[in-house]
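K.L.:
Pasting the sequence and the predicted model now:
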Amino acid sequence: MYTDLEHVCEEQIEMSKPNEVSDFDLLADSGYTEDMSQLSPVKNVDKSDSHLNCPSLNFSDDEMYQNCIEKRNTIEDSDVEPQHIRNSIIKTDIEFIEKEITPARIQVEEILTSDDDMFCTCPIFCLPREITMKIFTYFTQPELCCKLSRVCKSWYDYAFDPSLWKVIDLHNYRNIPSVNLCRLIAKATNLRSLLLHGRENISESEVAVFTEYTSNLQHLDLGFCQNMNITMLSIIVNKCPMLESINLEGDTCLKPGSLQILSRCEHLKEMNFSHCILENMDLHHLAKNLETIRSLNIDGISWIDDEPVIYLLQQHNKYLTKLVIDGAEITDDCYKSIAICSYLTSFEASFCELLTDKSLEYLQNLNKLKTLRLRKGTEFTAVGLMNFFSSPGIKHLTSLDMSECTGCDDSCVSQLAQSCGKTLKQLSLCWCWHITDRGATSVVDHCRDLELLNLQGIKSMTGESFARIPTDMPFLTMLCLSHCNMVC
């Protein structure tokens, strides 16, 4: 039976395949509509006119497209203030999107290429629904959306079952038209995680529409969406009351003070603001008004200093499990407060130039650390590093990055390899100039399970022990030896 079932499934999927179209191409390039048999080309608004510079959606219907353009031209000829023009354009876009996504169901009968009777005899319909749904979990979302859903009405229902669409990841489909994006989200009634990382030309219009269907959304990734602004954040805060984590990494259009609005998210626990415009007062405001902060990334924000970070740590030390900071303006005083975060499993600092061995002493109290990055610790001494690598706090580390800690020598490397070599998966010691073949040999001897080893810029090393890597380090997939001029 299973052979017949497999044959019939393959046969029916083959019948439904579009001509040489794969994945989300139907969505991104063809203007996905409720009626899959009527795919229309996508048009883009001409943005050469200064009045149309605000982010807008991509149109996918000829008549509606022309109507919207006429409305825009009418607005353009008027003497209204620019902000009013912008608001009118956004209102027009919202009306268009909402009209396009209103039809609730596809007319599957128009797609079928054979009689319904044939599908009634398909062996897959003899299976319990839970087994069929389990089978459908092995397909990707592009396959579900653009292939399986086109087979028949029953397969359409299976393909768009909410249990298969708890997570929508569109980071590889950054140009999908606004109408298609909103329609897809509207179908996912059980959506919990939405990833729009790097979406190009994200607009207030589409955010206003798709958030109508995301009341249960818990995780939102809007990293590197260059048009993000306070208006979009306000919409998200108001329409997504269950939001627990948000990624705004690289959203440089957000102005100082914009991120304070996130303090209204009662359930927000995880935030990535890496390389955003975040001021000390913004961080202080979030630390004061959010009930629980579990994870925070403020890397790439070099002007954040001790005061707001210390306040954050005092308020949330019982909950914090991950902290990533830039560190350029952070001193030993701040690391004293970091040491009280007893549940911290991941700590990363990109610049440690203001730190001394005192900070290493404080970090010895963190017994649950699994990921540690302390780059550019130029003031760390060999003695301080030896004491730190001898502490029980590092024995659970799986990832360690001590790049550009110039005090690190062979003795330090030998000690760290013996202390946490059994658990380490990733190790970076770039530009630690005092390491030689002796230190590298210690790594090969004790770090059998390493998957990544980065020794870039270690000029005194010849690599005499590297011939043993294939046998002694069987899981190693990445070895970086660039600028290691003595390695043959």
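P.N.:
Sure thing, it's come through.

K.L.:
Mind checking the pLDDT average for stretch 97-113?
P.N.:
Throughout stretch 97-113, pLDDT has a mean value of 51.

K.L.:
ok, residue 420 touching residue 392?
P.N.:
No - the pair residue 420 / residue 392 is not scored as a contact, 10.0 Å apart, by C-beta atoms under 8 Å. All C-beta atoms are positioned from the backbone trio N, CA, C, and that covers glycine.

K.L.:
And for the helix or strand hosting residue 347, what's in contact with it?
P.N.:
Using DSSP states H and E, residue 347 sits within strand 346-349. Strand 346-349 is contacted by residues 299, 321-327, 330, 338, 363, 366, 369-375, 401 when judged by C-beta atoms under 8 Å, 6 or more residues apart in numbering.

K.L.:
swap in stretch 330-340?
P.N.:
Stretch 330-340 has contacts (C-beta under 8 Å, 6+ apart) with 304-306, 309-310, 313-314, 317, 323, 344, 347, 349, 354-356, 358-359, 362-363, 365-366.

K.L.:
Check which residues of that stretch are buried.
P.N.:
Buried residues in stretch 330-340, counted by 16 or more other C-beta atoms under 10 Å: 330, 332, 334-339.

K.L.:
Between residue 420 and residue 392, which is the more surrounded one?
P.N.:
residue 420 (23 against 9; other C-beta atoms under 10 Å).

K.L.:
Residue 450 is in contact with residue 422, correct?
P.N.:
No - contact between residue 422 and residue 450 fails when scored by C-beta under 8 Å: they sit 10.6 Å apart.

K.L.:
Report the two of the buried residues of stretch 330-340 separated the most.
P.N.:
Pairwise distances across the buried residues of stretch 330-340 (C-beta to C-beta) peak at 13.5 Å, for the pair 330 and 339.

K.L.:
Narrow the contacts of stretch 330-340 to those in helices?
P.N.:
Counting by DSSP state H, the part of those found in helices is 306, 309-310, 313-314, 358-359, 362-363.

K.L.:
Where do the helices of the stretch 51-200 of the chain begin and end?
P.N.:
Assigned by DSSP state H, counting those that start in this stretch, the stretch 51-200 of the chain shows helices spanning 62-77, 82-101, 116-120, 129-136, 141-146, 153-159, 178-187.

K.L.:
Which secondary structure elements does the fourth one sit against?
P.N.:
So the one you mean is helix 129-136. Counting contacts by 3 or more C-beta pairs under 8 Å, 6 or more residues apart in numbering; DSSP states H and E, helix 129-136 packs against helix 153-159.

K.L.:
What strands flank the strand holding residue 347, and is each parallel or antiparallel?
P.N.:
Sheet pairing of strand 346-349 (DSSP bridges) gives strand 322-325 (parallel), strand 371-374 (parallel).

K.L.:
Check the average confidence over it, would you?
P.N.:
On average, strand 346-349 scores 98.

K.L.:
Over to stretch 201-214?
P.N.:
93.

K.L.:
quick one on the thing from earlier: how about JSON lines for the strands paired with strand 346-349, with mean neighbour count added?
P.N.:
Listed next are the strands paired with strand 346-349 as JSON lines, based on neighbours: other C-beta atoms under 10 Å:
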{"stretch": "strand 322-325", "mean neighbour count": "22"}
{"stretch": "strand 371-374", "mean neighbour count": "22"}
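
K.L.:
Out of those strands, which is closest to residue 232?
P.N.:
strand 322-325 (24.0 Å).

K.L.:
what about that closest one, average pLDDT?
P.N.:
98.

K.L.:
do the same with stretch 226-245
P.N.:
Rounded mean pLDDT across stretch 226-245 is 95.

K.L.:
Go ahead and measure how far that stretch is from the middle of the chain.
P.N.:
Centre-to-centre, stretch 226-245 and its host chain are 16 Å apart (C-alpha atoms, centre = their mean, to the nearest Å).

K.L.:
In it, which residues are buried?
P.N.:
Those would be 227-229, 232-233, 235-237, 239-240, 243-245, for stretch 226-245 by 16+ other C-beta under 10 Å.

K.L.:
before we move on, back to that, quick one: the strands paired with strand 346-349 as CSV, columns for distance to residue 385 too.
P.N.:
Formatted as CSV, those follow (distance: least, C-beta to C-beta, whole Å):
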stretch, distance to residue 385
strand 322-325, 20
strand 371-374, 10
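
K.L.:
For the residue nearest to residue 423 when sequence neighbours are not counted, which residues are in contact?
P.N.:
Distances taken as C-beta to C-beta, 6 or more residues apart in numbering put residue 398 closest to residue 423, at 5.5 Å, once the chain neighbours are dropped. Going by C-beta under 8 Å, 6+ apart, residue 398 touches 370-371, 423-426.

K.L.:
Using CSV, lay out those together with pLDDT.
P.N.:
Shown next, in CSV, are those (pLDDT from 0 to 100):
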residue, pLDDT
370, 97
371, 98
423, 97
424, 98
425, 98
426, 98
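
K.L.:
Those in strands, which ones?
P.N.:
371, 426 (DSSP state E).

K.L.:
Which one (most neighbours) among the contacts of residue 398?
P.N.:
Ranking these using other C-beta under 10 Å puts residue 424 first, with 24 neighbours.

K.L.:
need the contact list for the closest residue to that residue other than its chain neighbours.
P.N.:
Counting by C-beta to C-beta, 6+ apart, residue 424 lies nearest to residue 447, which is 5.2 Å off, once chain neighbours are set aside. Neighbouring residues of residue 447 by C-beta under 8 Å, 6+ apart: 417, 421, 424, 427, 453, 473.

K.L.:
what about 6 Å?
P.N.:
For residue 447, the contacting residues are 417, 421, 424, by C-beta atoms under 6 Å, 6 or more residues apart in numbering.

K.L.:
Check the buried residues of stretch 226-245 and tell me the two furthest apart.
P.N.:
By the measure C-beta to C-beta, 227 and 244 form the most distant pair in the buried residues of stretch 226-245, at 24.1 Å.

K.L.:
Can you find the helix or strand of the chain with the lowest average pLDDT?
P.N.:
Sorted by mean pLDDT, DSSP states H and E, the helices and strands of the chain end with helix 25-28, the least confident at a mean of 44.

K.L.:
Hmm, residue 454 and residue 480 touching each other?
P.N.:
Yes - between residue 480 and residue 454 a contact is recorded at 4.3 Å, counting by C-beta atoms under 6 Å.

K.L.:
Compare these two and say which is more crowded by neighbours.
P.N.:
residue 454 (18 against 14).

K.L.:
out of everything not next to it in sequence, what's closest to residue 357?
P.N.:
residue 384 (3.0 Å).

K.L.:
what's around the one you found, how many residues?
P.N.:
Neighbourhood size, residue 384 [other C-beta under 10 Å]: 21.

K.L.:
doesn't it fall inside a strand?
P.N.:
No - assessed with DSSP: H, G, I helix; E, B strand; the rest coil, residue 384 is helix; it does not lie in a strand.

K.L.:
tell me the pLDDT at it?
P.N.:
97.

K.L.:
What separation do you get for it and residue 406?
P.N.:
Between residue 384 and residue 406 the distance is 12 Å, computed by C-beta to C-beta, to the nearest Å.

K.L.:
Could you do residue 228 as well?
P.N.:
Counting by C-beta to C-beta, the gap from residue 228 to residue 406 is 39 Å.

K.L.:
again, but for residue 485
P.N.:
Note on residue 485: its distance to residue 406, by C-beta to C-beta, is 18 Å.
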